[in-house]
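J.: predicted model and sequence below, questions to follow.
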Amino acid sequence: MRRWLALAGLALLAGCAQAAPTLTPTRALSGPTLAPSPTFMPRFAAEAPLGLGEAGQNNPTAAALAPGGAMPPLSADAAVAGDVRRGVKITAADGALLEGDLYQTGTVRLPGVLLLAESRAMWGEWPAALHSAGFTVLVMDMRPAFSASDVTVMLQALASGEADPARLGVIGAGAGAAAALRGCAVELLCDAAGLLSPSGDPALTDALARYNPRPLFLAASQDDPEAFAMIEALRAAATGQVQFQPFASAGVGAAMLQLRPDLGDLLIAWLKRTLV
């Protein structure tokens, strides 16, 4: 019986070994099912992509930047020999172009100062005096939808080849004072902040808590009671070095620099102690 079973098993194995594989495909393969585009739109090298033809958008400097890098201020005026001031544009985080003036001489990286006011014209001739004192100066207009991120891109632009990134200060006047403190509170590139006639917004004390303990310059006139009360509150809440400069009757914001020229001298001396 055992011998019969063994012979049957061998016969079965021999039959399996002799079976030929089937040549009939058991699975069908299909090709791509997407139809080709019905139209062909050629583009020639001479054509600039829509919206990218503006200067500074597709130049070698921008192409060489590391991811997240910042572009230096884009010149808006033709260079004039001997003129230390030139109009510039800076691209905001939302793509808007922010306008200002850059005061710079030579290629040495000097300490940088960003000046913020509703209009750059409000500063008068003081930016030129600040530049003559040994600073690279960026004076910017403020747009209506100004945000803290605008201060960030301005400081990044100032530091990306124009000024020393380790020595940057921001001075704001009027509405620019609140913008300067809010921007510096979230941007560590800002090493010092000067506020001229800041608004009475209570949120500024919260911004100061994030800015501390960096140096602070505070100035306001007693005939501007809201701003005067604010600089007193900020002085009380500051944990770093503070220069507190009250005035009896000196106007508001950047106008104080014209009414009290000694304020400009005090600011320059403070910046030299803080940044140089």
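T.: Sure thing, it's come through. In this text the structure is predicted, and so the values were computed from the model without any measurement.
J.: and residue 225, how many neighbours?
T.: Neighbourhood size, residue 225 [other CB atoms under 10 Å]: 11. The C-beta positions use only the backbone N, C-alpha and C, and glycine is treated the same way.
J.: state the distance from it to residue 231.
T.: Distance, residue 225 to residue 231, using CB to CB, to the nearest Å: 11 Å.
J.: residue ranges for the strands of the stretch 151-276 of the chain, please.
T.: In the stretch 151-276 of the chain, the segments counted as strands under DSSP state E, counting those that start in this stretch are 163-173, 192-196, 216-221, 242-247.
J.: in this structure, which residue is closest to the centre?
T.: residue 153 (1.6 Å; CA atoms, centre = their mean).
J.: doesn't residue 92 make contact with that one?
T.: Yes - Residue 153 is within contact range of residue 92, at 5.7 Å (criterion: CB atoms under 8 Å).
J.: between those two, which contacts overlap?
T.: Residues touching both residue 153 and residue 92 (CB atoms under 8 Å, 6 or more residues apart in numbering) are residue 98.
J.: now do the contacts for residue 216.
T.: Residue 216 neighbours (CB under 8 Å, 6+ apart): 192, 193, 194, 195, 208, 234, 238, 240, 241, 242, 243.
J.: what do you get if the cut-off is 10 Å, keeping everything else the same?
T.: 181, 184, 192-195, 208, 231, 234-235, 237-244, 270, 274 (CB atoms under 10 Å, 6 or more residues apart in numbering).
J.: which members of the residues you listed are classed as buried?
T.: The neighbour-count test (16 or more other CB atoms under 10 Å) marks 181, 184, 192-195, 208, 231, 234, 237-238, 243, 270, 274 as buried among the contacts of residue 216.
J.: so which of those would you say is closest to residue 103?
T.: Residue 103 lies nearest to residue 194 out of the buried ones among the contacts of residue 216, by CB to CB, at 16.9 Å.
J.: per-residue confidence for that closest one?
T.: On pLDDT, residue 194 comes in at 98.
J.: do I have it right that it meets residue 244?
T.: No - if you go by CB atoms under 10 Å, residue 194 and residue 244 don't touch, sitting 11.5 Å apart.
J.: which residues do these two both contact?
T.: Going by CB under 10 Å, 6+ apart, residues that sit against residue 194 and also against residue 244 are 216, 217, 218, 219.
J.: possible to save the residues you listed as a markdown table with distance to residue 132?
T.: Below are those laid out as a markdown table (distance: CB to CB, whole Å):
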| residue | distance to residue 132 |
| --- | --- |
| 216 | 25 |
| 217 | 20 |
| 218 | 25 |
| 219 | 21 |
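J.: who's in contact with residue 134?
T.: Contacts here follow CB under 10 Å, 6+ apart; on that basis residue 134 touches 105, 110, 111, 268, 271, 272, 275, 276.
J.: give me the lowest-pLDDT entry from the residues you listed.
T.: Ranked by pLDDT, the contacts of residue 134 bottom out at residue 276, which scores 83.
J.: before I go, just wanted to say thanks for your time.
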